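> 3D model of this:
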Amino acid sequence: MKSLIPRASVVFCASIALASSGRAQSLPTQKVLTTDAVFKIANGALEKCSADGYHVSLTILDVSGAVRLSLRGDETGPHTLGHSQRKAYTALTFKRTSAETADAWAKRGSAAPVIEGTVAAAGGVPIRAGKDVIGAIGVSGAPGGDRDEACANAGIAKIVDLLK
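Just a heads-up that it's a prediction; the model follows:
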């Protein structure tokens, strides 16, 4: 019986190695926000807010939560840059707008979960390529989160063809 145990172990290990190597032959592909796309989103959001008379700051995050662009706009309050990042992070974390997350938290009837970096305020929007969230934008400084969100959506609209 001692000779069967090592043989069984070798067969088992070999079958796992073969199964693993079958999966390793192809790497997953993922759409990412290029620098050009990030600038287009930022410019689109700023154009919309500027046309509406709003001075805003904005932050764009990639899928991992890393800041791709952070911009404090002219004549904005000192809090707007950090607030825009928290809005973007909330949208990225929950894969929905930060307004939808704030509404969901409000409907719970209990305290919002404590997740560092998130905020219950409108103005953060996930950036989707098909069904996949590949980043997020947060805008802060307009007179109301709904207006911040409109600017964020205007920015995303600038690269809609890339997101298909």
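> shaky segments in the chain?
1-24 (pLDDT under 70).
> let's see 50
For the chain, no stretch is flagged by pLDDT under 50.
> how about the strands in it?
57-62, 67-71, 124-129, 132-140 (DSSP state E).
> Show me what the longest one is packed up against.
Taking 3 or more CB pairs under 8 Å, 6 or more residues apart in numbering; DSSP states H and E as the contact definition, the neighbouring helices and strands of strand 132-140 are helix 35-51, strand 57-62, helix 80-94, strand 124-129, helix 145-157. C-beta coordinates here come from the backbone N, C-alpha and C atoms, glycine included.
> Show me what the second one packs onto, helices and strands only.
For strand 57-62, the packing partners by 3+ CB pairs under 8 Å, 6+ apart come out as helix 35-51, strand 67-71, helix 80-94, strand 132-140, helix 145-157.
> Would you reformat the ones you listed as CSV and include distance to Ala106?
Shown next, in CSV, are the helices and strands packed on strand 57-62 (distance: least, CB to CB, whole Å):
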stretch, distance to Ala106
helix 35-51, 26
strand 67-71, 28
helix 80-94, 14
strand 132-140, 19
helix 145-157, 13
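> returning to that earlier point: ok, which of the strands of the chain comes nearest Thr90?
Across the strands of the chain, Thr90 has its closest neighbour in strand 124-129 (5.0 Å, CB to CB).
> ok and that closest one relative to strand 57-62, angle-wise?
Angle of strand 124-129 versus strand 57-62, following axes from the mean of the first three to the mean of the last three CA atoms, to 10 degrees, is 40 degrees.
> Return the set of buried residues in strand 124-129.
Buried positions in strand 124-129, judged by neighbour count with 16 or more other CB atoms under 10 Å: 124-127, 129.
> So which of these is the closest to Leu27?
Comparing the buried residues of strand 124-129 against Leu27 with CB to CB picks out Ala129 as the nearest, at 17.4 Å.
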